[in-house]
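Student: I would like the atomic coordinates for the input below:
(one chain, ligands or ions: 1)
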Amino acid sequence: MTANYSTQFRCIRDEVSAAEWQARLDLAACYRLTDVYGMTDLIYNHITARIPGDEEHLLINLYGLIYKEITASSLVKIDLEGNIIWKPDTDYGINKSGYVIHGAIHRARPELKCVMHTHTRAGMAVSAQKCGLLPMSQTSMRFVGHIGYHDYEGPAIDLAERERLVRDLGPHDAMILRNHGLLTCGATVQQAFNTMYQLELSCRAQVDALAGGQEILLPPQEVLGHTANLYQPGTRRPYGVLEWHAMLRQLDAEQKNSGYPPYWH
Ligand SMILES: [Zn+2]
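Tutor: Here you go, the predicted model:
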């Protein structure tokens, strides 16, 4: 018998609550946008989202699909421990060890609806720089005093490391996993994506600037603190919401030239 690795998933829109379907649409779009903006690592990494009104259950990607293939109906419903509650008819499963980081944060920070983790080239580069993320651009200044750092302890995450992970994230929505990659989370999928986009862009700029070999100019501390405050979610407007509809229109437009199923399937 050959394994069923077909990606022709049945649309389950009429079989789940309206809230779950919306969470599936938001999360599937988030995976596609992560691909569009160059933040994927083959089939690896995860973005997880809580299902509203069903706070004990989360959505996660099938392990084995690239982000271009992910659709609303292909997302797996799991509990906080990573046990599968529902998955499509497929031999693909989930990456339980990859979920461990997400599970630790979802358990400790129930107000967060989405956790996102990447292994991008720029993110990995900055994660290995002793200076950490430098507030050298307007984009990176929002993270001053609002980002955690977690030292690398190896690929297998045990119970004790989960506690250190949560401790190192603290109250923040962003964390640099040293020698590993980036992590963001947020009150909505849109916010977690927006924070990741800004963090990624900050890392790309930092790598470019340091590669230029010139001394880096940093603004004074009071300017940094003021700027970081202005860019916190809620200071002026919610994060990532105004941007989201334009990005969905981008996905809609690009779908027309794509051989992949639409994310809304
Ligand atoms: Zn990772």
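Student: How confident is the prediction for the nearest residue to residue 170 once chain neighbours are set aside, by pLDDT?
Tutor: Computed as Cβ to Cβ, 6 or more residues apart in numbering, the closest residue to residue 170 that is not its neighbour in sequence is residue 148, at 5.4 Å. Any C-beta I mention is one placed from the backbone N, CA and C, and that applies to glycine too. pLDDT recorded at residue 148 is 98.
Student: who does residue 148 bridge with?
Tutor: On DSSP bridges, the residues paired with residue 148 through beta bridges are residue 175.
Student: need the contact list for it.
Tutor: 168-170, 172, 174-176 (Cβ atoms under 8 Å, 6 or more residues apart in numbering).
Student: Would you list the buried entries among those?
Tutor: For the contacts of residue 148, burial is judged from neighbour counts taken by 16 or more other Cβ atoms under 10 Å, and it is met by 168-169, 172, 174-176.
Student: Determine which two of these are furthest apart.
Tutor: Spatial extent of the buried ones among the contacts of residue 148 (Cβ to Cβ) is set by the pair 168 and 174 at 11.4 Å.
Student: Does the one residue sitting closest to the centre of the chain lie in a helix or a strand, and which?
Tutor: In the chain, the C-alpha closest to the average C-alpha coordinate belongs to residue 116, at a distance of 2.0 Å (Cα atoms, centre = their mean). Secondary-structure element containing residue 116, defined by DSSP states H and E: strand 114-118.
Student: Please pull up the helix or strand immediately following that strand.
Tutor: Once the chain leaves strand 114-118, the following helix or strand, as judged by DSSP H and E, is helix 121-127.
Student: That following helix packs against which elements?
Tutor: strand 174-177, strand 181-186, helix 189-211 (3 or more Cβ pairs under 8 Å, 6 or more residues apart in numbering; DSSP states H and E).
Student: What sits closest to residue 201 if chain neighbours are left out?
Tutor: When the adjacent residues along the chain are set aside, residue 201 lies closest to residue 139, with 5.2 Å between them (Cβ to Cβ, 6+ apart).
Student: Now do the contacts for that neighbour.
Tutor: For residue 139, counting by Cβ under 8 Å, 6+ apart, the contacting residues are 198, 201-202, 205.
Student: Got the confidence number for it?
Tutor: Looking at residue 139 specifically, the model assigns a pLDDT of 96.
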